[in-house]
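# Here is a sequence together with a model predicted from it:
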Amino acid sequence: MPLLQPPAPDLRPSQLTYVDGYQSIVSRVRRKGGSGSGGVVIFVGVDVDGLLASRILASLFRQDDVPYRVVPIGGYSELEAKRDEVVASEELHTLILLSLGSLLNLSEYFDLPPTCHLHIIDAHRPWNLDNLFGVDVDVDGEDGTGQGRLWVWGDGDEGRLEGVKKSWEALEYAPSDSDDSDDDDEDSEEEDEDDEDDDEEEEGDSDEENHVGEGRIGKRKRTGSAGPKKKRRDDDDDRNAHIERVNKYYHAGTHYGASVGFTVYLLATVLERADNDLLWLAILAVTYQYVAAQIDRDKYEEHHELLGDEVARLNPPMPAGVPDADNRSIAPTDELRFALVRHWNLYDAMLHSNYIASRLKIWKEKGRKQLQGLLAKMGFSLQQCQQAYAHMDRSLKRDLPGKLESIAPEYGLVELVYPSFGRAFGFQMALLSAADAVEGLEALLEAAKGIRMEIEVDGGKGGGEWFGGMRTWSLDANGNGDVPAAEELETLEQDRAAPKIHNWHVQNFWTSYDACDDIVLLGKSLQLAKSLHRAIIRQGSAILDKTAIRPLRTFRFAAVREGPDLRVFCHPAPLSRLALWLVDATRHAWNKSDVKQGKKAAANPFVVACLNEDRGTFLVVGVTAAKEYGDVRKNKFGLAFQQAAEESGATYKHDMFDTSVVEVAEQDLKAFIEALQLHSAEA
């Protein structure tokens, strides 16, 4: 099983890189011939990272005239169905997994034809160690590499697993029981030969078997021989130590490695195919990981530096102040932690910021007054802050960063800016930040179809927070994505029936896929993104106002059983975002409370459940909580969910590639949560 390394100057000649994997795919296409797309199939996990990676890889394939087929996959049950479908095809010779599959034992899960190769590029961690360190055989041997049929695209961090690798190999390639018996016989014979004073016949073979550890079998030696016994005890101690190390690796919790989009972009750079379009997709992939709390600030800045070098290389300086309809340049920016600020108004952008919420407690009237006080102290009137940011006075926008830097720390706001990038889109959009583009793509993935969402109509809102002209979002609409009022009832009825009829995630994937190079569609999606922000703060504020958070033994729990946004949070991504909002909103307050009581500030994992009335189930997500904003901790809820469901006897479905999401029968939720308390989710 070849482990492919990212390009680096210090690689040994024997180490394979992404280029070797890609060239293997292309060469197999050349040999197999045919123009059908069934030869190369790409399974893509339905998330922003997988989406962006599929766009980059598809671009590379088109340049090499490689026919391919992209198949969006929403979960394990769908993966199983699609697996059986494509494996049955006689055309298939290469299967690629993007943003899924790292936890599976791929050589067992995919019963591939002998001449079919499988490539996996996934950021989900931990890896299944069989994929990293196992050995398989390339039956046809057509590439000439002799490396096997399963290609794992690593991110360079696998070198840190050397100790785990040794333990895995010790367990995987341990002598069989019969080998142990033979070794014992040989040891006994050697002792007889060496012991000149002992004519006693060997009795070890007649002794009964002794089962030690996890099924390891040995044989007793004669009473006078302590050496072999001690050796077996040492072997058993070693075996137990190896088992403990491997289990510790798997039980440490789920986390994320390098972005899949970033990985495929590195391939493009080595192939000398990188351009601004592919670079922009890679920037969005890394930005998504950061804003979704999949990677910490240090890892983000490491990738940001590499991407910054690419931006400088591919984007020569532009003449200042000269408008250009064809300008598609990318430039570094300092991004404010305000939600969609360039496409909203300053007040709402700050109000819907997770970071602002955590510091000012904006769900309370006092917190909102603090926000208004901050703006007033900077010299910004509320009326100015509630008009569209694009229409604000230029001097106010120019002075905003400096005034925030000098005044915001008085309100505990000290991390309002992070380094990012923005891209120009000619006359269509002067600047779209990477964070805003990610918001738009994520909104389309979550709610382009299948959820009834109200969006704000341009010009229909005079100011304020949650009132104004609103229309139902629809991709089939004209202008701003609204539909006539007469059609709203029909749309609502369709949405109610939607979960029973459609796999909306597949349609939403292709809508987002198209939006990657359709700035008009992506621009419209920002209205949908704002509606999702409103739903999150509306539901989060309701939970906090009602003190509906229950502090349990190892986590805090909240359930959403009613409300106008119930259907929104029946989907994993919005519910996970709500859970992260609650973590951010309460972290600062609870840390201060712990310090006042003389306790050490503790992380507070969150479990949030939402009722799905149509299915009679609760969707449950678990998120970890770092002590500081921007830190990321490993998530142990995946294993805890499985154990709690089994111990409580709950009817459940653990089908998502993100293992910290589970669906539990409505009547079993109480028992499930009670069992979950017994399992620590803290890292």
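Perfect, I can see it now. Numbers count the residues shown, from 1 in each chain.
# By residue count, what's the longest helix in this protein?
The longest helix of the chain (DSSP state H) is helix 519-545.
# got the buried residues for that one?
Under the neighbour-count criterion of 16 or more other CB atoms under 10 Å, helix 519-545 has 519, 521-544 buried. C-beta: built from backbone N, CA, C; applies to glycine.
# From the contact counts, what lies against that helix?
Where contact means 3 or more CB pairs under 8 Å, 6 or more residues apart in numbering; DSSP states H and E, helix 519-545 is packed against strand 429-433, helix 434-447, strand 454-456, strand 470-478, helix 504-515, strand 556-560, helix 572-596.
# how is this protein carved up into domains?
As given by automatic domain parsing, the domain ranges for the chain are 3-155, 159-192+228-254, 323-533, 548-676.
# nearest to Trp280, of these?
Closest approach to Trp280 among the domains of the chain (CB to CB): domain 323-533, 5.6 Å.
# Okay, now the closest one: how far is its last residue from its first?
Using CA to CA, to the nearest Å, one end of domain 323-533 lies 33 Å from the other.
# go on, stretch 67-77?
Stretch 67-77 end-to-end distance (CA to CA) = 27 Å.
# repeat for stretch 638-656
Distance between the two ends of stretch 638-656: 10 Å, counting by CA to CA.
# Check what contacts that stretch and list those residues.
Stretch 638-656 has contacts (CB atoms under 8 Å, 6 or more residues apart in numbering) with 75-77, 251, 253-254, 572, 617, 620, 622, 659-660, 662-665, 668-669, 671-676, 678-681.
# With stretch 295-303 instead?
Residues outside stretch 295-303 that contact it (CB under 8 Å, 6+ apart): 256, 258-259, 262, 286, 289-290, 418-419, 626, 630-632.
# how about a cut-off of 10 Å?
123, 255-259, 262, 282-283, 285-291, 294, 304, 308, 415, 418-420, 626, 628-633 (CB atoms under 10 Å, 6 or more residues apart in numbering).
# Could I get the average pLDDT for it?
The average of the pLDDT scores along stretch 295-303 is 94.
# May I have it exported as CSV, CA atoms only?
C-alpha atoms of stretch 295-303 as CSV (Å, rounded to 0.1, in the frame of the first residue of the first chain):
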residue,chain,number,x,y,z
ILE,A,295,-7.7,23.2,12.5
ASP,A,296,-6.2,25.5,15.0
ARG,A,297,-4.7,29.0,14.4
ASP,A,298,-1.1,27.7,14.2
LYS,A,299,-1.9,25.1,11.5
TYR,A,300,-3.9,27.7,9.6
GLU,A,301,-1.1,30.2,9.6
GLU,A,302,1.3,27.6,8.4
HIS,A,303,-0.9,26.9,5.4
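# just how off-centre is that stretch within its chain?
Relative to the centre of its chain, stretch 295-303 is centred 15 Å away, using CA atoms, centre = their mean, to the nearest Å.
# So which bits of that stretch are buried?
Ile295, Asp296, Arg297, Lys299, Tyr300, His303.
# Can you say which helix or strand has the fourth one in it?
So the one you mean is Lys299. Per DSSP states H and E: Lys299 is located in helix 297-314.
# Could you pull out the helices in the stretch 201-350 of the chain for me?
Ranges of helices in the stretch 201-350 of the chain, per DSSP state H, counting those that start in this stretch, are 227-251, 260-270, 276-291, 297-314, 346-351.
# Show me what the shortest one is packed up against.
Spelled out, that is helix 346-351. On a contact count with 3 or more CB pairs under 10 Å, 6 or more residues apart in numbering; DSSP states H and E, helix 346-351 meets strand 330-336, helix 354-360, helix 365-377, helix 382-385, helix 394-407, helix 519-545.
# repeat that with 8 Å
helix 365-377, helix 382-385.
# Give me the angle between the longest one and helix 519-545.
So the one you mean is helix 365-377. Interaxial angle of helix 365-377 relative to helix 519-545 (axes from the mean of the first three to the mean of the last three CA atoms, to 10 degrees): 130 degrees.
# What residues of helix 365-377 count as buried?
The neighbour-count check on helix 365-377 (16+ other CB under 10 Å) flags Gly367, Arg368, Gln370, Leu371, Leu374, Leu375 as buried.
# Give me the pLDDT for the residue lying closest to the second one once chain neighbours are set aside.
Spatial nearest neighbour of Arg368, excluding adjacent residues (CB to CB, 6 or more residues apart in numbering): Ile362 at 5.7 Å. Ile362 carries a pLDDT score of 88 in this model.
# And Lys500, by the same measure?
Note on Lys500: pLDDT of 47.
# quick one, strands of the stretch 51-200 of the chain?
Taking DSSP state E, counting those that start in this stretch as the test, the strands found in the stretch 51-200 of the chain are 69-73, 94-98, 117-121, 124-125, 150-153.
# Format those as TSV; extra columns: distance to Ala390 and mean pLDDT.
What follows is the strands of the stretch 51-200 of the chain, written out as TSV (distance: least, CB to CB, whole Å; pLDDT from 0 to 100):
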stretch	distance to Ala390	mean pLDDT
strand 69-73	34	96
strand 94-98	36	96
strand 117-121	38	96
strand 124-125	38	94
strand 150-153	41	94
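# nearest to Gln386, of these?
strand 69-73 (39.4 Å).
# how about TSV for the strands of the stretch 51-200 of the chain, with mean neighbour count added?
Below are these laid out as TSV (neighbours: other CB atoms under 10 Å):
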stretch	mean neighbour count
strand 69-73	21
strand 94-98	25
strand 117-121	25
strand 124-125	20
strand 150-153	24
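# Isn't Glu310 up against Thr269?
Yes. In this structure, Glu310 is within contact of Thr269 by CB atoms under 8 Å, at 7.2 Å.
# what about this structure, any weak spots by pLDDT?
For the chain, the stretches flagged by pLDDT under 70 are 34-36, 135-148, 176-234, 321-322, 458-468, 476-502, 588-603, 680-683.
# what about 80?
1, 32-38, 135-148, 174-236, 318-324, 456-470, 475-502, 587-604, 625-630, 679-683 (pLDDT under 80).
# how far away is Ala258 from Gln294?
Ala258 is 11 Å from Gln294, where distance means CB to CB, to the nearest Å.
# where do the contact lists of the two overlap?
Jointly contacting Ala258 and Gln294 under the rule CB under 8 Å, 6+ apart are Ala123.
# what are the ranges of the helices in the stretch 51-200 of the chain?
Under the criterion DSSP H, counting those that start in this stretch, helices of the stretch 51-200 of the chain are mapped to 76-87, 106-109, 129-133, 162-172, 177-194.
# Let me know how buried Ser395 is, in neighbour terms.
Residues near Ser395, counting by other CB atoms under 10 Å, number 8.
# same thing with Glu410?
Per other CB under 10 Å, the neighbour tally for Glu410 reads 10.
# swap in Leu314?
Residues contacting Leu314 under the criterion other CB under 10 Å number 15.
# Over to the one 3 residues further on?
Residue neighbour count, defined by other CB under 10 Å, stands at 8 for Pro317.
# Please apply the same query to Asp655.
Considering only other CB under 10 Å, Asp655 is surrounded by 16 other residues.
# And for the one 10 residues further on?
Look at Ala665: counted by other CB under 10 Å, it has 17 neighbours.
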